[in-house]
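1. Provided below for reference: sequence and predicted model.
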Amino acid sequence: MGRRWMLNVGQLRTFTNIMASLTRNISGALLLCLFVTGCAHDSFHYSDVGSYSSSPKTRSIPSSGLHRVKSGDTLFSIAFSYGLDYRKVAGINGIDAPYTIYPNQKIRLTGTPKRTAKTTTSVAPKRPAAAVTKSATAKVNSSSKSVSTVKIPDRKVSSWHWPVIGSVTKGFSNAGVSSKGIDIRGKDAEHVKAAADGVVVYAGNGLIGYGNLVIVKHNDVYLSAYAYNERILVKEKQSVRAGDSLAIIGGKGTERPLLHFEVRRDGQPIDPLKVLPKK
C-alpha cells in the first residue's frame with residue numbers, strides 16, 4: 001500500500017492510526033445511533049401508545065349487543081367508548097354502585113334497565129374462587145382510595161376551567177363518529193388540569209384512538225375526558241379539584257404538544273366550548 005501511494009514508513013503508520021481512529025469513532029457513532037433509535041422507538045410507543053394515529057372514534061355497538069370485559073376496563077370506560085350513559089349500562093345489567101365488574105364478564109349495551117339492580121346478570125360469568133374483582137372506578141390491584149372515601153360532587157358543576165391554555169386547532173362536530181371533542185394546542189411539558197371538581201374514573205390507554213386517557217366524573221350528569229397524554233399523573237378513584245394536574249400533555253403523531261378534550265352530558269358528547277369560559 002505504501003509503495004502504491006508513495007508513502008514512507010512514518011506516513012504509512014500515521015495513515016494507519018488515522019484509519020483505526022476513524023473506524024473506532026464510526027463504530028461508536030453507529031452504536032450510539034442504534035441506541036438512540038431504540039430509545040426513541042420505545043418512547044414513541046409510550047407517548048403515542050401506537051393506537052391513535054387516527055382521531056378518537058365512538059365504537060359501534062356489536063350486533064350481539066354485548067361487550068366482554070377485558071383487563072383495564074371500567075364500567076365508565078365501556079360506556080364512554082360506545083357513547084352511552086354509564087347509568088343506563090349499569091341499569092341494563094343490574095349493577096349497583098360501586099359498579100364492580102369482572103374480567104370476561106359480558107356487559108349488555110342495549111335493552112331496558114332493570115327495576116332492581118343486582119351484582120350479577122344472566123350473561124355474567126361465575127366468579128372464580130381466586131378471581132380478583134374489578135371496580136368500575138379502580139384497576140385490579142390498584143392502591144388508590146376506596147369508593148367509600150371519595151366524595152362525589154353535587155349535581156351542579158359550579159364552574160369550568162380550561163385544561164390547558166392554548167388555541168383550539170380542531171373544533172367539535174357531532175357528525176359521524178369522530179370529532180366528539182376539541183383539540184387544544186399547548187406547550188411542551190405542560191400539565192393537563194382538571195376542568196372541574198370530580199373523581200378519576202378511568203386512567204389508562206385501552207380506548208382506541210385516545211392514547212393515554214383520563215376520564216373524570218364531575219357528577220351524575222357530566223364527565224370530561226383528556227386524551228393524547230404523554231404521561232398520566234393520577235390514579236382511578238382519586239378525588240381531584242378544578243385545576244389539579246391530571247397528566248403531562250402529549251400529542252398525536254407529529255401534532256405535538258396537543259390535548260384532545262371531550263365533555264359528556266348524560267353519556268352524550270357536547271361541545272366543550274359551550275361550558276368552558278370565554279377567552
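-> Right, received. Where do you want to start?
2. okay, now the domains of the chain?
-> 1-47, 168-274 (automatic domain parsing).
3. could you tell me the least trusted of those?
-> Here these differ in mean pLDDT, and the lowest is domain 1-47 at a mean of 47.
4. direction included, what does the longest strand seen in the chain pair against?
-> The strand spanning the most residues in the chain, taking DSSP state E as the definition, is strand 255-265. Here strand 255-265 is paired, per DSSP bridges, with strand 182-185 (antiparallel), strand 222-229 (antiparallel), strand 250-252 (antiparallel), strand 268-270 (antiparallel).
5. quick one, strands of the stretch 101-250 of the chain?
-> Per DSSP state E, counting those that start in this stretch, the stretch 101-250 of the chain carries strands over the ranges 106-108, 168-170, 182-185, 191-193, 198-204, 212-217, 222-229, 231-232, 239-240, 245-248, 250-252.
6. in its sheet, what does the fourth one sit against?
-> In this case it means strand 191-193. Its sheet considered, strand 191-193 pairs with strand 245-248 (antiparallel) by DSSP bridges.
7. quick check: buried residues in the partner strand?
-> Within strand 245-248, the residues that qualify as buried are 246, 247, 248, counting by 16 or more other C-beta atoms under 10 Å. In this view, the C-beta of every residue, glycine as well, is placed from N, C-alpha and C.
8. can I get those in TSV with distance to residue 225?
-> Listed next are these as TSV, based on distance: C-beta to C-beta, whole Å:
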residue	distance to residue 225
246	10
247	11
248	16
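9. so which of these comes closest to residue 183?
-> Residue 183 has its nearest neighbour among the buried residues of strand 245-248 in residue 247, at 15.3 Å by C-beta to C-beta.
10. surely that closest one touches residue 231?
-> Yes: Residue 247 is within contact range of residue 231, at 6.2 Å (criterion: C-beta atoms under 8 Å).
11. report the set of residues contacting both of those two.
-> Residues touching both residue 247 and residue 231 (C-beta atoms under 8 Å, 6 or more residues apart in numbering) are residue 212.
12. contact partners for residue 262?
-> Residue 262 is in contact with 56, 180, 181, 182, 224, 225, 227, 269, 272, counting by C-beta under 8 Å, 6+ apart.
13. save these as CSV, and put in neighbour count and distance to residue 167 too.
-> Below are those laid out as CSV (neighbours: other C-beta atoms under 10 Å; distance: C-beta to C-beta, whole Å):
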residue, neighbour count, distance to residue 167
56, 25, 19
180, 24, 19
181, 27, 15
182, 20, 10
224, 24, 19
225, 25, 20
227, 27, 17
269, 20, 21
272, 23, 14
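14. dump the residues you listed into a markdown table; add distance to residue 257 as well.
-> Shown next, in a markdown table, are the contacts of residue 262 (distance: C-beta to C-beta, whole Å):
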| residue | distance to residue 257 |
| --- | --- |
| 56 | 17 |
| 180 | 21 |
| 181 | 16 |
| 182 | 15 |
| 224 | 19 |
| 225 | 17 |
| 227 | 13 |
| 269 | 23 |
| 272 | 18 |
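15. so which of those comes closest to residue 241?
-> Nearest to residue 241 among the contacts of residue 262, counting by C-beta to C-beta, is residue 224 at 13.4 Å.
16. now distance to residue 87 too, for the strands of the stretch 101-250 of the chain, in a markdown table please.
-> Below are those laid out as a markdown table (distance: least, C-beta to C-beta, whole Å):
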| stretch | distance to residue 87 |
| --- | --- |
| strand 106-108 | 14 |
| strand 168-170 | 29 |
| strand 182-185 | 25 |
| strand 191-193 | 26 |
| strand 198-204 | 13 |
| strand 212-217 | 11 |
| strand 222-229 | 11 |
| strand 231-232 | 25 |
| strand 239-240 | 20 |
| strand 245-248 | 23 |
| strand 250-252 | 31 |
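17. out of those strands, flag the one nearest residue 75.
-> Within the strands of the stretch 101-250 of the chain, the stretch nearest residue 75 is strand 106-108; the backing value is 7.7 Å (C-beta to C-beta).
18. helices or strands up against that closest one?
-> Contacts defined by 3 or more C-beta pairs under 8 Å, 6 or more residues apart in numbering; DSSP states H and E place strand 106-108 against strand 66-68, helix 86-93.
19. my guess is residue 188 meets residue 258, correct?
-> No: if you go by C-beta under 8 Å, residue 188 and residue 258 don't touch, sitting 11.1 Å apart.
20. so for those two, which sits in the more crowded spot?
-> Using other C-beta atoms under 10 Å as the criterion, residue 188 and residue 258 rank with residue 258 on top: 21 against 10.
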